[in-house]
Each structure stands twice: as C-alpha cells, then as structure tokens.
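**Student:** Need coordinates for the following:
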Amino acid sequence: MYRQNNNRYRGNFSNNRRWPVKSYDPSNLVRNSVQASVEDKPYEAVNSFASFAISDSLKRNISARGYTVPTPIQDQTIPLILEGKDVIGIANTGTGKTAAFLIPLLNEVSKNRNKKVLIIVPTRELADQIRNEFFEFSRGMNIHCVLAIGGVNLHRQKSDLRRNPNFVIGTPGRLMDLIEHRSLNLSTFETIVLDEVDQMVDIGFISSIKYFISLLADKRQSLFFSATVDGKAKEVLNGFVRNPVTVSVKKQDMLKNIKHDVIRIPNQAKKIEHLHDLLIKKEFEKVLIFGRTKWGVQRLSEELVKRGFNADVIHGNRTQSQRLRILDRFKRNQIHILLATDVASRGLDIDNVTHVINYDPPETYEVYIHRIGRTGRADKIGNALTFV
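**Tutor:** Take a look at the predicted model:
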C-alpha cells in the first residue's frame, strides 16, 4: 500500500462524541460470530450453473465470470423463479442475491421479448451495481435496461424509457418522478423485484413501496429480498406476494469466512492513533472504514490523507457522480482506504476488501452484518474490527 511515509503525524484530532450502541453489546459480536462459524456445516449445492434450465448464452456469460457452484440463495431460488413462483428470499448482503434473481429473469426475457422486469432498490449505488451485473450476465443477448436513479438527468431517463427496455432498475424517489411525469407505467411490468426491503423501510420508503404495489398488475411474479422481515416489512409483504415460497439463508453462512475482533479504546482522544497504528500494518491492504455521520467520516478522511494515507470518502453530501467515481477507484485499487457512512454498507460488491473497521460502532447487530459483508467474500478470509 502506498503511503508518503510511516512516520506518525500527531495532529490535534479526536472524536469526543460517545455514541451509544443500541440493542447489543459489541463484545458479543466476536463470541456470537465464532460460535456461528463452529456450529455451521458447509452448504452443499444441489445444482450447478451448468445444470440450470437456462439458455446456452446465459451459461457462457456465467462461466466467463468464473461462476461454477451457486451460493445457497442462488441454488434454492433460481429454480423457483424459473418456475414463475413468487419468492421471499431472506439473505444478507454478500450472499449472491443479485445473480439469484438476474440469471433466471434474463433467461425468461430471452424467451419472451415482450416481458418487462422492474427492480426496486434503496440506494443509487446498489442500482448501479445491479446494472453492471446485468451487463455482464446479458452479453450478446440483446436485452436492454434503463437505470432510473436520482442525481442524473431525468430527461435522458424519460427518453430511454420510450425505447421500451425489458429491465428498469431504479430507486423509489426517481421512480416516483417518472410515474408523475407519465413516463413509467407499472401495470405493464410482469415481474417485480424488491431488493434490500428492510433498508427501504428503514429509510422511510414504506409509503412509496405500498403506492408502487397498488399500481402493479394483478397478474405478476413478485420477488422479495431482505435481510430481515420485521413488522413494517411484513406490511409490504401482505400486499406484494401471493402464495410465496420462502428461502432463508442464515447469517452464519456469511460469517464463516470473517475473523472478528473488538478494539477497546480507553481514551477517546487516542482513537485516531489506534486507527493509525492499524493502518500502517502491511496486512491492511484494502480497508473499508465505517462511521456514523457525514461530517465524522469526512473529517476522519481528511486527517488520514494529511497523515499520508491513500484514502477517500463517500457519504450523502457527495454527488452521485463523485460517489460512483470514488467507488470505482477503490475497486480498481487506486484508493486503498475508503471511508463511508452506512450508505455504502448495503449490497456493494467490492472485491478483495481485507478489513472492515467499524470506527463508530453500528447501532444494531443487523447493521453490523451488513457492514462486514464487504469482506470475506467469494470464500476469501476477511477481517472485521469494531472500535468500542
């Protein structure tokens, strides 16, 4: 990892705000995760990608990505979706949910070019990632999609929709804009995917989701993916799926490749120094650091850059183009340390993250799971450290 030097810059930096951790003791993270890793038996897939009843073109694209054995959520949901069933998929980020619905839906569209699919997700970053996955899986299949997200030109999206694409991937706010402008008619979509539903509910989109459901055609295939299904998510479910098949992938399936530790900080004024001492170690090659607030991660990023670290930051005050550009640089290893608020903890597919550091502890165990899902992917060993 490139740094200007390893001499310690002693700036006047401290994070004096003490954030309470709700719903759990962070020390339990290590104990619970280790127990889960010991108790879980390796999952044995029933299917292979070669055995799925999908087109040869799709199989070639899957093979080109190096996929051979499906993850548990893919193994169990792809056959159900191919059969046209409504599916509730309970799985954490990092378990392969995107491929679990894109692969069978691309296959169905390849057989029926009039079929239209709407995919609704909570964040622009996740929508962009799904579109990138779409491009990889659909190579040479002449299937088109439109990305409908905020922060980019609305008129361009309206023009793209007039070309009648098979797939629309969007966030609730921009989809609402397009509906109000009469550029998007939800009753024409035969398949609807709600992804990361728990986060959409958490950030206040439940009314929008209910409104979208009210506009859908009665005859449709509905796919619902979420890490948890609490009371509000159940409200969405009640009006969305019909006679669904539920597939649940446990948290432990995701945790088994991640080493967990808690870093106790007796003096908050020394917190930055503890972080510095970690980051200068050789094994911290590609690091994702989570904080709670926009100003907090921005300030920490500036301090790390001042100390000679190759770092950048994404948060809600960055424009969409800035966030995507920074994420792309991190994926390409042009940045070795990325700081973020929880806007980046859901669904982002970033290869080879060696360490996730919770500089500010997550509010709940569920948030912890989503954050650490950025490491330990694709059977690689990852590391999760939580400052308390």
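
**Student:** all strands of the stretch 201-350 of the chain, in order?
**Tutor:** Shown for the stretch 201-350 of the chain, the strands assigned by DSSP state E, counting those that start in this stretch span residues 221-226, 245-248, 258-263, 287-290, 311-314, 337-340.

**Student:** need the ones you listed in TSV with mean neighbour count and distance to N107, can you?
**Tutor:** For every residue, glycine as well, the C-beta is placed using N, CA and C. Formatted as TSV, the strands of the stretch 201-350 of the chain follow (neighbours: other C-beta atoms under 10 Å; distance: least, C-beta to C-beta, whole Å):
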stretch	mean neighbour count	distance to N107
strand 221-226	23	13
strand 245-248	15	18
strand 258-263	18	32
strand 287-290	25	34
strand 311-314	24	34
strand 337-340	26	34
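
**Student:** The ones you listed: lowest mean pLDDT?
**Tutor:** Note on those: strand 258-263 shows the lowest mean pLDDT, a mean of 88.

**Student:** Direction included, what does that strand pair against?
**Tutor:** Pairing partners of strand 258-263, with direction, according to DSSP bridges: strand 382-387 (parallel).

**Student:** looking at the strands of the stretch 201-350 of the chain, which is closest to I381?
**Tutor:** Proximity to I381 (C-beta to C-beta) singles out strand 258-263 among the strands of the stretch 201-350 of the chain, at 6.8 Å.

**Student:** Run the chain-centre distance for that closest one.
**Tutor:** Centroid displacement of strand 258-263 relative to its chain, using C-alpha atoms, centre = their mean, to the nearest Å, is 21 Å.

**Student:** circling back to that earlier point, of all the strands of the stretch 201-350 of the chain, which one comes closest to L154?
**Tutor:** Between L154 and the strands of the stretch 201-350 of the chain, the shortest gap by C-beta to C-beta is with strand 311-314, which sits at 22.8 Å.

**Student:** out of the strands of the stretch 201-350 of the chain, nearest to I73?
**Tutor:** strand 245-248 (6.5 Å).

**Student:** Note down every partner strand of the closest one and its orientation.
**Tutor:** strand 87-90 (parallel).

**Student:** in the partner strand, what's buried?
**Tutor:** By neighbour count with 16 or more other C-beta atoms under 10 Å, strand 87-90 contains the buried residues V87, I88, G89, I90.

**Student:** And stretch 237-247, by the same measure?
**Tutor:** Here stretch 237-247 shows L237, F240, V241, P244, V245, V247 as buried, counting by 16+ other C-beta under 10 Å.

**Student:** hang on, the second one packs against V193?
**Tutor:** Put plainly, it is F240. No. Using C-beta atoms under 8 Å, F240 is not in contact with V193; the gap is 10.7 Å.

**Student:** For the helix or strand hosting H155, what is the distance to the chain centroid?
**Tutor:** Per DSSP states H and E, H155 falls inside helix 154-161. Distance of helix 154-161 from the chain centroid (C-alpha atoms, centre = their mean) equals 25 Å.

**Student:** Of all the strands of the stretch 201-350 of the chain, which one is nearest G151?
**Tutor:** Nearest of the strands of the stretch 201-350 of the chain to G151, taken as C-beta to C-beta: strand 311-314 at 12.7 Å.

**Student:** Next, give phi and psi for the nearest residue to D230 once chain neighbours are set aside.
**Tutor:** Sequence neighbours aside, D198 is the residue nearest to D230 in space, at 7.1 Å (criterion: C-beta to C-beta, 6 or more residues apart in numbering). Backbone torsions of D198, given as degrees, to the nearest 10, read phi -60, psi -40.

**Student:** per-residue pLDDT, D198?
**Tutor:** For D198, the pLDDT comes out at 83.

**Student:** can you tell me which residues contact it?
**Tutor:** The contact partners of D198, by C-beta atoms under 8 Å, 6 or more residues apart in numbering, come to S226, A227, T228, V229, D230, A233, E366.

**Student:** could you flag which of those are buried?
**Tutor:** S226, A227, T228, V229, A233, E366.

**Student:** Would you mind naming the helix or strand containing the last one?
**Tutor:** Yep, that's E366 we're talking about. Using DSSP H and E, E366 falls in helix 365-372.

**Student:** quick check: mean pLDDT across that helix?
**Tutor:** 78.

**Student:** chain center to that helix, what's the gap?
**Tutor:** 11 Å.
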